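Q: My questions concern the predicted model and sequence given below.
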Amino acid sequence: QVQVVESGGGLLQAGGSLSLSCAASGSIFRINAMAWYRQAPGKQRELVASITSGSDTVYADSVKGRFTISRDNAKNTVYLQMNSLKPEDTSVYYCNADITYGGGIYRTRNYWGQGTQVTVSS
């Protein structure tokens, strides 16, 4: 069984910084792409940033230059460093990971974390 758990959300003022972490655990053979999404009230979930197993990254235009995604493959963890936060960054942030798991017979599945709230006040 595989679990994906986020941590690091919170409440802060505009202009501040916050770091999110997402750790995967369980019978993991390999973690492929990992990503952060966010969903604000009344809005659709949107991609914030993604990172491949080779550390190629993609960012939403709204966060380019402010957010940085990174990963530590030894720890099965992906991070999101968020700087110069704005009130419009307020959302629930979700980790997403494409994971190959098992022992003997391997399967690949997409996993979501439970989400962590980030609130930025003006």
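A: Yep, it's here.
Q: residues touching the residue most central in space within the chain, list them.
A: What sits nearest the mean C-alpha location of the chain, by C-alpha atoms, centre = their mean, is W36, with 3.0 Å. Applying C-beta atoms under 8 Å, 6 or more residues apart in numbering, we find W36 in contact with 20, 22, 47-50, 69, 78, 80, 93-96. Glycine gets a C-beta too; all of them are placed from N, C-alpha and C.
Q: In PyMOL, select just the buried ones from the residues you listed.
A: Command for PyMOL that selects the buried part of the contacts of W36, burial taken from 16 or more other C-beta atoms under 10 Å:
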select buried, resi 20+22+48+49+50+69+78+80+93+94+95+96
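Q: Can you check what pLDDT the model gives the residue nearest to the centre of the chain?
A: With respect to pLDDT, W36 scores 98.
Q: same thing with G103?
A: 82.
Q: Counting neighbours, what do you get for it?
A: 7 (other C-beta atoms under 10 Å).
Q: any idea how far R109 is from the closest residue to it other than its chain neighbours?
A: For G103, ignoring the flanking residues on the chain, the nearest one in space by C-beta to C-beta, 6 or more residues apart in numbering is S27 at 5.9 Å. In this view, S27 and R109 are 12 Å apart by C-beta to C-beta, to the nearest Å.
Q: Residues that sit against both of these two, list them.
A: Here S27 and R109 share the contacting residues 2, 101, scored by C-beta under 8 Å, 6+ apart.
Q: residue at max distance from the center of the chain?
A: The centre of the chain is farthest from one residue, G104, which by C-alpha atoms, centre = their mean lies 28.8 Å away.
Q: what sits against the spatially closest residue to L85 that is not a sequence neighbour?
A: Excluding the flanking residues, the one nearest L85 by C-beta to C-beta, 6+ apart is V120, at 4.6 Å. Residues near V120 by C-beta under 8 Å, 6+ apart: 11-14, 16, 85-90.
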